[in-house]
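Trainee: sequence first, predicted model second:
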Amino acid sequence: MIKFKASLWALAVAAPLASLSLPSMAGVDLIVKIAPPAPRVEVVPPPRVGFVWAPGYWNWNGRSHVWVAGTWVPERRGYVYVRPTWVQHNGEWHLTRGNWARGDADHDGIQNRFDHDKDNDGRGDRRDPKPNVPN
């Protein structure tokens with residue numbers, strides 16, 4: 001009975017602490033000390049209607065980097081797929097896994113915040129030969 005009461009008391013103290021958020025780098029899924037190898041060259045298959053190509057990347061299995069081959073993932077209208085990326089910071093390598101980012105209104109595969117339309121002609125500035133002249 002004493003062990004049960006002690007366990008109950010420990011649970012009562014620990015439960016509220018479980019809801020506290022710990023500081024972390026936003027969006028970073030994995031941090032390791034060993035740099036990933038150079039990305040492999042992948043031959044992207046022909047486009048598939050309703051799917052987006054998610055390119056391959058080096059993942060970490062706890063001991064070494066392992067290649068995860070690219071694949072087709074179902075499209076999400078209004079979103080753009082952001083590929084996995086490794087970034088070096090303070091001697092460590094940070095992996096942000098592939099994810100979906102909101103905002104691809106023109107469905108060109110470029111997130112809106114990176115694809116401005118200064119002349120409001122419906123074509124993002126990156127794809128518009130005259131970004132300051134409305135058509």
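Mentor: Now that the structure is in, tell me what you want to look at.

Trainee: beta partners of the closest residue in space to Phe51 that isn't next to it in sequence?
Mentor: If you skip the residues right next to it in sequence, Phe51 has Trp72 as its closest partner in space, 4.1 Å away by CB to CB, 6 or more residues apart in numbering. Just so you know, the C-beta spots here come from the backbone N, C-alpha and C atoms, and that holds for glycine as well. On the basis of DSSP bridges, Trp72 is bridged to Trp53.

Trainee: neighbours of Trp72, how many?
Mentor: As a burial measure, the neighbour count of Trp72 was computed by other CB atoms under 10 Å and equals 14.

Trainee: ok, it - contacts?
Mentor: Residues in contact with Trp72 (CB atoms under 8 Å, 6 or more residues apart in numbering) are Pro45, Arg48, Phe51, Val52, Trp53, Ala54.

Trainee: could you check the pLDDT of the second one?
Mentor: At Arg48, the predicted lDDT confidence score is 93.

Trainee: ok, for it, nearest residue in space, not its chain neighbours?
Mentor: The spatially closest residue to Arg48, leaving aside those adjacent along the chain, is Trp72, at 5.5 Å (CB to CB, 6+ apart).

Trainee: quick check: the gap between the one you found and Ala54.
Mentor: Distance check for Trp72 against Ala54: by CB to CB, to the nearest Å, it reads 7 Å.

Trainee: same deal with Asn99?
Mentor: To Ala54, Asn99 is 10 Å away according to CB to CB.

Trainee: and if you look at Val43?
Mentor: To Ala54, Val43 is 15 Å away according to CB to CB.

Trainee: show me which of the two is the more surrounded one.
Mentor: Neighbours of Val43 and Ala54, each counted by other CB under 10 Å, are more numerous for Ala54; the result is 17 against 5.

Trainee: can you name the residues that contact the more buried one?
Mentor: In this structure, Ala54 makes contact with Gly70, Thr71, Trp72, Val73, Tyr81, Arg83, Gly98, judged by CB under 8 Å, 6+ apart.

Trainee: and those, which of them are buried?
Mentor: Gly70, Tyr81, Gly98 (16 or more other CB atoms under 10 Å).

Trainee: chain neighbours aside, what residue packs nearest to Pro84?
Mentor: With sequence-adjacent residues excluded and distances taken as CB to CB, 6+ apart, Pro84 is closest to Tyr57, at 4.0 Å.
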